[in-house]
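[1] Provide a 3D model corresponding to the input given below.
(chains A and B)
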Amino acid sequence: AQSVTQLGSHVSVSEGALVLLRCNYSSSVPPYLFWYVQYPNQGLQLLLKYTTGATLVKGINGFEAEFKKSETSFHLTKPSAHMSDAAEYFCAVSDRRAGGTSYGKLTFGQGTILTVHP
Amino acid sequence: NAGVTQTPKFQVLKTGQSMTLQCAQDMNHEYMSWYRQDPGMGLRLIHYSVGAGITDQGEVPNGYNVSRSTTEDFPLRLLSAAPSQTSVYFCASSYSILNTEAFFGQGTRLTVV
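    Residues are numbered from 1 along each chain as shown, chains lettered A, B, ... in the order given. Predicted structure coming up:
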């Protein structure tokens, strides 16, 4: 079964500092990988995704993530935090194997709340 | 563009009551799903559907029923509400089962007392 671990339930950074949110997955086959963001009292919005091709993926709002197969990781970064980045971030995976037990189903990590200080 | 619409936004139920959470999408998406969000646990899949007339269980299906009579609608029914079902519920849809991008509704905050 697939699983996703997000290291750190809360991350706090200063405005202008680097944002690094960590995500590791467990899967026998490299899955599809996603980062979603949730602002207070809102649904989830897709930030970026990795399905195939280039392992460094760029998303919206200046975020990017790198798929590292050897480390089974998909960490999310942003060079310079902005106050508007304060939100909860979720890493998720989906099985890429047709007929696999998790095919098409999103498995989410526990979430990381990002706080940005002035 | 309405996207994914969930109703109601808030609901309080008494233990044992039943209710239906509504979800509708106007993007002609094949794949729809229901998640519940609990603090520190991320989102967990309750039920999903790969098309009209086809549904299947997710990770936490007990106490919930679904049906998919049309492409647009995917209601979630709580048969006999329990306090353990207090949660925020999200409906999501995507073009296909591959979930290359899932669109989420705004959520329904349910409290069972």
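[2] Enumerate the residues of chain B near chain A.
    Neighbours of chain A within chain B, by C-beta under 8 Å from any C-beta of the partner chain: B:4, B:31, B:33, B:35, B:40-45, B:48, B:50, B:58, B:90, B:92, B:96-102, B:104-107. Placement of C-beta: from N, CA and C, glycine included.
[3] what residue ranges in chain A score low on pLDDT?
    Scanning chain A for pLDDT under 70 picks out the ranges A:97-104.
[4] Try it again at 80.
    Under the criterion pLDDT under 80, the flagged ranges of chain A are A:1, A:28-30, A:95-104.
[5] coming back round to it: out of the residues of chain B next to chain A, which are buried?
    Among the residues of chain B next to chain A, those scoring as buried are B:4, B:31, B:33, B:35, B:42-45, B:48, B:50, B:58, B:90, B:92, B:97-99, B:102, B:104-107 (criterion: 16 or more other C-beta atoms under 10 Å in any protein chain shown).
[6] near chain B, which residues of chain A?
    A:4, A:9, A:32, A:34, A:36, A:41-46, A:49, A:51, A:90, A:92, A:94, A:96, A:103-111.
[7] what about 10 Å?
    The interface of chain A toward chain B, taken as C-beta under 10 Å from any C-beta of the partner chain, is made up of A:1, A:4, A:6, A:9, A:32, A:34, A:36, A:38, A:41-46, A:49, A:51, A:88, A:90-96, A:98, A:102-111.
[8] What's the separation between the residue lying closest to B:Thr71 once chain neighbours are set aside and B:His29?
    Distances taken as C-beta to C-beta, 6 or more residues apart in numbering or on different chains put B:Ala52 closest to B:Thr71, at 5.3 Å, once the chain neighbours are dropped. When distance is defined by C-beta to C-beta, to the nearest Å, B:Ala52 is 11 Å away from B:His29.
[9] Cheers, nothing more for now.
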